[in-house]
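Colleague: Please work out how this folds:
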Amino acid sequence: MFLKFINRKAELEFLEARYKNKQFEFIVIYGRRRLGKTELIKEFVKNKKHIYFLCDKRGTAGNIARFKKMAAEYFNEAAIETNEPEEVFKHIVKKQSDKLVIVFDEFSYLAEKDSSIPSIFQLIIDEVLKDSNIMLILCGSSINMMETGVLSYKSPLYGRKTGHWKVLPFTLKETSEFFANNTTSKNIEFWAVLDGIPFYLEKFSDKKSTLENVEAEILNKNGRLYEEIDFVLKEELREPDAYKSILEAIASGKNKVVEIANKAGIKVQDIDKYLKILIRLGIIKKEHPATEKAKTKKSIYSFADNFFHFWFEFCEPYKSSIEINEYAISKVKDDINSFFGKKFENLCRDILIEITKLNFTKVGKWWGSNRENDERKSIEIDILALNEQTKEILFGECKWSENVDAQTIFDQLKQKSKHVNWNISKRQEYYCVIAKSFKRKAEGCLCFDLNDIESLL
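Modeller: Purely as a prediction, here's the structure:
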């Protein structure tokens with residue numbers, strides 16, 4: 001369990017800077033569920049004059065009644081004699097002369113039940129708050145509602161915010177702060193499964209192995225994360241079963257539009273809208289070879305969220321087996337190291353510039369094909385980093401293994417690099433191998449192990 005508020009330094013600095021302004025501030029904070037947005041806000045308002053209000057799904061009248069009661073208690077009054085939201089805020093502005101933070105948490109609950117809510121708050125901002133020194137924070141977990149209902153140019157609130165922040169999952173570095181007693185390897189495993197989501201991290205114990213935590217909290221029907229995916233999909237999406245089918249298809253290895261549509265049983269012409277929403281939620285991502293343009297036909301879809309990926313690879317297909325547990329656990333034991341390897345590749349791409357101290361403008365991966373002996377062969381390179389201005393290029397491989405022979409990997413990389421058609425006669429080439437540990441390093445190749453990654457943390 002968490003004993004203290006962890007990190008979110010950049011977010012707190014942003015909020016503090018806005019708080020110091022003497023004029024009215026309207027801040028929007030949003031992000032998917034379980035990221036600790038509420039904890040962030042409560043940490044920020046601690047020791048500040050504030051009214052923190054958590055919206056519920058009971059509708060406008062019920063929420064306004066609760067809010068005005070809370071405001072009356074803040075001012076030590078028996079009641080505020082009005083049911084009009086605008087009049088409640090007028091009362092607050094009239095009574096409060098010092099800086100005051102007003103928070104509407106889970107604002108999306110309020111807006112989902114009443115489409116007029118954005119217009120009501122537009123009126124409140126324009127007519128009541130704009131000349132005050134109130135700091136109004138609207139926070140929501142429904143990314144679709146917050147982006148379309150609050151931040152979109154079609155929203156009545158468009159153009160009125162003075163700042164916004166999309167809260168993201170913790171990085172590995174931030175995740176490691178939760179488990180100071182873990183080795184770097186174990187923290188990478190925790191991150192690979194839970195993806196730096198604070199609510200999920202809270203459920204794992206550093207006194208257990210990764211597999212023991214997975215068995216207790218995810219693969220067990222009594223586990224605290226067993227129902228999590230169903231909960232998130234039902235809360236965020238109107239057709240959770242359709243999205244489940246898409247995610248199952250991607251987890252099974254179908255990564256192109258037509259393949260995903262056919263596997264999921266959804267018309268190809270309809271699949272795009274589902275994929276875009278899953279991308280917006282940060283559950284999946286669209287990728288293309290680093291040397292290609294974004295609209296290339298070589299684009300594929302893969303998981304951006306580690307926990308969703310873990311669930312749909314190891315749990316959802318074997319849901320009936322999870323009830324008896326044995327088969328699902330066996331599947332995880334057999335394949336989890338391969339899963340860690342995939343996530344290790346993502347991590348290495350994220351930290352490449354920091355660990356190599358080289359300057360690249362694009363970091364991704366590469367895949368393509370060549371013909372040898374009249375037989376088409378697929379080639380993949382874990383990391384391909386480019387600098388368009390300096391014509392520098394880096395080829396990298398990642399191995400979630402101990403005692404790696406870097407020289408062998410280096411030799412293979414040099415062969416693969418010949419098939420990457422990018423500034424061939426002009427480019428400056430670099431090579432990189434990242435592994436748990438090495439039995440032999442390679443001259444002319446950058447080699448990094450877990451000790452080097454630990455130094456970044």
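Colleague: can you map out the strands along the stretch 101-250 of the chain?
Modeller: Counting by DSSP state E, counting those that start in this stretch, the stretch 101-250 of the chain has strands at residues 134-140, 163-166.
Colleague: Same list, the ones you listed, but as CSV with distance to residue 303, mean neighbour count and mean pLDDT please.
Modeller: Placement of C-beta: from N, CA and C, glycine included. Formatted as CSV, those follow (distance: least, Cβ to Cβ, whole Å; neighbours: other Cβ atoms under 10 Å; pLDDT from 0 to 100):
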stretch, distance to residue 303, mean neighbour count, mean pLDDT
strand 134-140, 24, 25, 95
strand 163-166, 19, 17, 93
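Colleague: can these go into CSV with extra columns for distance to residue 124?
Modeller: Shown next, in CSV, are these (distance: least, Cβ to Cβ, whole Å):
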stretch, distance to residue 124
strand 134-140, 8
strand 163-166, 18
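Colleague: now for those strands, which one comes closest to residue 55?
Modeller: strand 134-140 (8.8 Å; Cβ to Cβ).
Colleague: Touching that closest one from outside, list them.
Modeller: Residues from elsewhere that reach strand 134-140 (Cβ atoms under 8 Å, 6 or more residues apart in numbering): 18-19, 24-30, 37-38, 41, 92-93, 96, 99-109, 111, 121, 125, 129, 146, 150.
Colleague: Now, of those residues, which are buried?
Modeller: Buried by 16 or more other Cβ atoms under 10 Å: 18, 24-30, 37-38, 41, 92-93, 96, 99-109, 111, 121, 125, 129, 146, 150, out of the contacts of strand 134-140.
Colleague: now, which of these lie within helices?
Modeller: Those of the buried ones among the contacts of strand 134-140 mapping onto helices are 18, 37, 38, 41, 92, 93, 107, 108, 109, 111, 121, 146, per DSSP state H.
Colleague: could I get these as JSON lines with pLDDT and distance to residue 194?
Modeller: As requested, these are exported to JSON lines (pLDDT from 0 to 100; distance: Cβ to Cβ, whole Å):
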{"residue": "18", "pLDDT": "95", "distance to residue 194": "31"}
{"residue": "37", "pLDDT": "93", "distance to residue 194": "17"}
{"residue": "38", "pLDDT": "93", "distance to residue 194": "19"}
{"residue": "41", "pLDDT": "96", "distance to residue 194": "22"}
{"residue": "92", "pLDDT": "96", "distance to residue 194": "40"}
{"residue": "93", "pLDDT": "95", "distance to residue 194": "43"}
{"residue": "107", "pLDDT": "92", "distance to residue 194": "27"}
{"residue": "108", "pLDDT": "88", "distance to residue 194": "24"}
{"residue": "109", "pLDDT": "89", "distance to residue 194": "26"}
{"residue": "111", "pLDDT": "87", "distance to residue 194": "30"}
{"residue": "121", "pLDDT": "94", "distance to residue 194": "35"}
{"residue": "146", "pLDDT": "78", "distance to residue 194": "24"}
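Colleague: TSV for these, including distance to residue 337?
Modeller: Shown next, in TSV, are those (distance: Cβ to Cβ, whole Å):
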residue	distance to residue 337
18	45
37	34
38	36
41	39
92	57
93	59
107	43
108	39
109	41
111	44
121	50
146	38
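Colleague: Helices of the stretch 151-300 of the chain, residue ranges please.
Modeller: 172-176, 184-194, 198-201, 210-217, 228-236, 240-251, 257-264, 268-280 (DSSP state H, counting those that start in this stretch).
Colleague: Highest mean neighbour count across these, which stretch is it?
Modeller: helix 184-194 (a mean of 23; mean count of other Cβ atoms under 10 Å).
Colleague: got the angle between it and helix 210-217?
Modeller: On the basis of axes from the mean of the first three to the mean of the last three Cα atoms, to 10 degrees, helix 184-194 is oriented at 30 degrees to helix 210-217.
Colleague: by contact count, what packs against helix 184-194?
Modeller: Applying 3 or more Cβ pairs under 8 Å, 6 or more residues apart in numbering; DSSP states H and E, one finds that helix 184-194 makes contact with helix 172-176, helix 198-201, helix 210-217, helix 306-310, helix 326-356, helix 450-456.
Colleague: Any idea how many residues pack against the residue lying closest to residue 289 once chain neighbours are set aside?
Modeller: Counting by Cβ to Cβ, 6 or more residues apart in numbering, the nearest residue to residue 289 once its immediate chain neighbours are dropped is residue 366, at 4.7 Å. Here the number of neighbours of residue 366 (other Cβ atoms under 10 Å) works out to 23.
Colleague: Now do the buried residues in the helix or strand where residue 53 lies.
Modeller: Element membership for residue 53, per DSSP states H and E: strand 50-54. Buried residues in strand 50-54, counting neighbours by 16+ other Cβ under 10 Å, are found at 50, 51, 52, 53, 54.
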